[in-house]
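J.: 3D model of this:
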Amino acid sequence: MIKVIEYGNIPKAIREGNLKAMSVLSAKVVAEAKTHAPVDLGELRNSIMAKVGKNIEHGFNDGCGKAAESKISERPASNEAYVGTNLYYAPYQEFGTRDIPAHPFLRPAILIHANGYSVSAAVKRAQLESVRKERHKRKRTRVYK
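T.: Residues are numbered from 1 along each chain as shown. A predicted model of the protein is given here:
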């Protein structure tokens, strides 16, 4: 007699945990970048957004100020997150030019929220939470004779 205990789809739970962690961290970076973005009409601030994996988008806001033209057109892989803007003048604001001083908004946000320790801790926490839920949700025992 063989007794097999199945705990559900653990690899799927780990992938879901990764997506959750990337989504949370990218949302924090977007929010922080919006606080640092220089505001004239609000178009730059409203164009800062994130894409996580293939389907998750957040941060695109046209609630106040001028709305940005469109969403980010980049398509990240299933295990990637993109945070940024699609405005042509955003790099000039971030890095400056010969005549315009730099007003960084993305780099400080990334340094604040995406340093190595906080990323790895957030991913580990989200993975453990997803695996724990999956394990308790689908625990089955099969007996083979």
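
J.: use CA for all of it now, contacts and neighbours both
T.: Noted.

J.: wait, residue 85 sits on residue 47?
T.: Yes. The criterion here is CA atoms under 8 Å, and residue 85 meets it with residue 47 at 5.3 Å.

J.: Counting by contacts, list what the helix or strand hosting residue 12 packs against.
T.: Here residue 12 sits within helix 10-36, counting by DSSP states H and E. For helix 10-36, the helices and strands in contact under the criterion 3 or more CA pairs under 8 Å, 6 or more residues apart in numbering; DSSP states H and E are helix 43-47, strand 49-52, strand 81-84, helix 106-113, helix 116-137.

J.: what helices or strands is the second one leaning on?
T.: Going back to what we said before, that points to strand 49-52. Using 3+ CA pairs under 8 Å, 6+ apart: strand 49-52 touches helix 10-36, strand 56-58, strand 81-84.

J.: With the longest one instead?
T.: Packed against helix 116-137 by the contact rule (3+ CA pairs under 8 Å, 6+ apart) you find helix 10-36.

J.: got it, and the first one?
T.: The criterion is 3+ CA pairs under 8 Å, 6+ apart, and the helices and strands that helix 43-47 contacts are helix 10-36.

J.: With mean pLDDT added, can I get the helices and strands packed on helix 10-36 in CSV?
T.: As requested, the helices and strands packed on helix 10-36 are exported to CSV (pLDDT from 0 to 100):
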stretch, mean pLDDT
helix 43-47, 84
strand 49-52, 83
strand 81-84, 82
helix 106-113, 85
helix 116-137, 74
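
J.: If anything else comes up later, I'll come back, but that's it for now.
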